[in-house]
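K.L.:
Here is my input; please provide its structure:
(2 chains)
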Amino acid sequence: MAIYSVYIINKAGGLIYQHDHNASRPEVEKTFSYPLELVLKIFDDKIVVAFGERDGIKVGHSVLAVNGVASEGRFLKDGRDILETLAMEENYPISIKFGRPKLTTNEKIMLASMFHSLFAIGCQLSPEPRSSGIEMLETDTFKLHCDQTMTGIKFVVITDPRQMAVDGLLKKLYEVYSDFALKNPFYSLDMPIRCELFDENLKIAIEQAERMGSAGV
Amino acid sequence: MTVYDFYLFDRNGNCLYYAEWNRRKQPGISKDEEFKLMYGMIFSIKSFINRISPKDVQDGFLNFRTSKYKLHFYETPSGLKLVMNTDLNVGNVRDVLQHVFSSLYVEHVVKNPLTELGETITSELFRSKMDEYVRGLPFFAPKAS
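P.N.:
Below you'll find the predicted structure:
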């Protein structure tokens, strides 16, 4: 039972707020000997596993750290190129940490506008007249709930598939948005939300919904 | 409860088969355009889910719902995509879509020597079997209105 993250999208498809609540992405650390049996490639400026799934390391996972030094794009924090480091035999045995790549802010903005279009297409392809856009999207690993307000702002919550009482949370988020973002005299409409009180109350709302959703099961 | 329509796409995005039952609104574009839009949406949803998911996805996209309809999705390992739109009260139809694939598509299309894979399905037998199967589903009851 968990609420993973919250996105708020303005009426133009721009991301105006994002909060990761329960970002426990699985990580696998393993020590390898030369030569490395995994095939790695550069994708989107990250080192990603292209072939050779094993021991919980999946295709699409990226290199998070080498010998405990965290990665930063194609390089390690200490400036070494990851692929070059892994190609040299004298560096072995070497311990590499793999995991699902963390979303960068740019990717989050892109995903938000992508959802904005999917929402519109879902509405256009409706077999019934006067349909809304996507309200709930279900996959085997998470559920995405979306609530669009009358003014076109979309509240998107990503939760565990078994999380209950998400509709209440969406309404509560709108309330928090109205009270602490809209009523803030320094907040300009459709712009990213940077209000301390909003952050605090949003977190409280999420935690409350998590407790309520779990109590029912 | 009712079934609105059904789409079958191959791995390249060609619409092999389309049928509708109780659909009440056309999107106002040609069928060809509609198929492209539908495939494009499914394709994008899949990539969206792959990236936004907090865990590793296996089956991936299952269904989504709006205020009026529910879209169910099933993809075979060979990349064949089955899409069915129903109303909101219908539960999980994964087994129905699996049945359409294994007992209807494989039996009447793949095993038919006259069909070219990747071409629109013209087989009358498949069309009538499909129609019969969908009309016989427990949640297929045309709305009175």
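
K.L.:
ok, what's across the strand from residue 6?
P.N.:
Using chain A here. residue A:19, residue A:157 (DSSP bridges).

K.L.:
wrong one, I was asking about chain B
P.N.:
For residue B:6, the beta-bridge partners are residue B:19, residue B:84 (DSSP bridges).

K.L.:
Surely it touches residue B:18?
P.N.:
Yes: taking Cβ atoms under 8 Å as the definition, residue B:6 is a contact partner of residue B:18 at 7.1 Å. Backbone N, C-alpha and C define where each C-beta goes, glycine included.

K.L.:
Count residues in the vicinity of residue B:63, would you?
P.N.:
Applying other Cβ atoms under 10 Å in any protein chain shown, we find 21 other residues in the vicinity of residue B:63.

K.L.:
thinking again about what came up before, of residue B:6 and residue B:18, give the one with the bigger neighbour count.
P.N.:
Shown here are residue B:6 and residue B:18; by other Cβ under 10 Å, residue B:6 has more neighbours (21 against 17).

K.L.:
Just give the nearest non-adjacent residue to the residue nearest in space to the middle of chain B, would you?
P.N.:
By Cα atoms, centre = their mean, chain B has its centre lying nearest to residue B:83, at 2.0 Å. With sequence-adjacent residues excluded and distances taken as Cβ to Cβ, 6 or more residues apart in numbering or on different chains, residue B:83 is closest to residue B:7, at 4.2 Å.

K.L.:
Please list all residues in contact with the residue sitting furthest away from the middle of chain B.
P.N.:
Centroid-distance maximum for chain B: residue B:54 at 26.8 Å, with Cα atoms, centre = their mean. Contacts here follow Cβ atoms under 8 Å, 6 or more residues apart in numbering or on different chains; on that basis residue B:54 touches A:4-5, A:22-25, A:100, A:141-142, A:158.

K.L.:
is it true that it lies in a strand?
P.N.:
No: counting by DSSP: H, G, I helix; E, B strand; the rest coil, residue B:54 is not part of a strand but coil.

K.L.:
How much space separates it from residue A:158?
P.N.:
With the distance defined as Cβ to Cβ, to the nearest Å, residue B:54 ends up 7 Å from residue A:158.

K.L.:
Now for the two: what residues contact both?
P.N.:
A:4-5, A:142.

K.L.:
What pLDDT does the model give the residue farthest from the centre of chain B?
P.N.:
Looking at residue B:54, its pLDDT stands at 87.

K.L.:
Would you list the phi and psi of the most centrally placed residue in chain A?
P.N.:
The residue lying closest to the centre of chain A (Cα atoms, centre = their mean) is residue A:103, at 5.8 Å. Main-chain dihedrals, residue A:103, degrees, to the nearest 10: phi -70, psi 130.

K.L.:
just checking, it touches residue B:50?
P.N.:
No: using Cβ under 8 Å, residue A:103 is not in contact with residue B:50; the gap is 11.7 Å.

K.L.:
Break down chain A into its strands, ranges please.
P.N.:
With strands called from DSSP state E, chain A shows them at A:3-9, A:15-20, A:27-32, A:39-43, A:46-51, A:62-66, A:69-72, A:75-76, A:94-99, A:136-139, A:143-148, A:154-159.

K.L.:
could you dump these to JSON lines with mean pLDDT and mean neighbour count?
P.N.:
Below are those laid out as JSON lines (pLDDT from 0 to 100; neighbours: other Cβ atoms under 10 Å in any protein chain shown):
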{"stretch": "strand A:3-9", "mean pLDDT": "95", "mean neighbour count": "23"}
{"stretch": "strand A:15-20", "mean pLDDT": "95", "mean neighbour count": "19"}
{"stretch": "strand A:27-32", "mean pLDDT": "87", "mean neighbour count": "13"}
{"stretch": "strand A:39-43", "mean pLDDT": "89", "mean neighbour count": "14"}
{"stretch": "strand A:46-51", "mean pLDDT": "88", "mean neighbour count": "17"}
{"stretch": "strand A:62-66", "mean pLDDT": "88", "mean neighbour count": "21"}
{"stretch": "strand A:69-72", "mean pLDDT": "86", "mean neighbour count": "15"}
{"stretch": "strand A:75-76", "mean pLDDT": "88", "mean neighbour count": "17"}
{"stretch": "strand A:94-99", "mean pLDDT": "89", "mean neighbour count": "19"}
{"stretch": "strand A:136-139", "mean pLDDT": "95", "mean neighbour count": "22"}
{"stretch": "strand A:143-148", "mean pLDDT": "96", "mean neighbour count": "21"}
{"stretch": "strand A:154-159", "mean pLDDT": "96", "mean neighbour count": "24"}
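
K.L.:
Same list (these) but as a markdown table, adding distance to residue A:181.
P.N.:
Conversion of those to a markdown table gives the following (distance: least, Cβ to Cβ, whole Å):
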| stretch | distance to residue A:181 |
| --- | --- |
| strand A:3-9 | 9 |
| strand A:15-20 | 8 |
| strand A:27-32 | 34 |
| strand A:39-43 | 36 |
| strand A:46-51 | 33 |
| strand A:62-66 | 34 |
| strand A:69-72 | 33 |
| strand A:75-76 | 38 |
| strand A:94-99 | 33 |
| strand A:136-139 | 24 |
| strand A:143-148 | 16 |
| strand A:154-159 | 12 |
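
K.L.:
Quickly note the distance from residue A:166 to residue B:135.
P.N.:
35 Å.

K.L.:
Same drill for those two, tell me which one is more crowded.
P.N.:
A count of neighbours by other Cβ under 10 Å puts residue A:166 above the other of residue A:166 and residue B:135, at 20 against 12.
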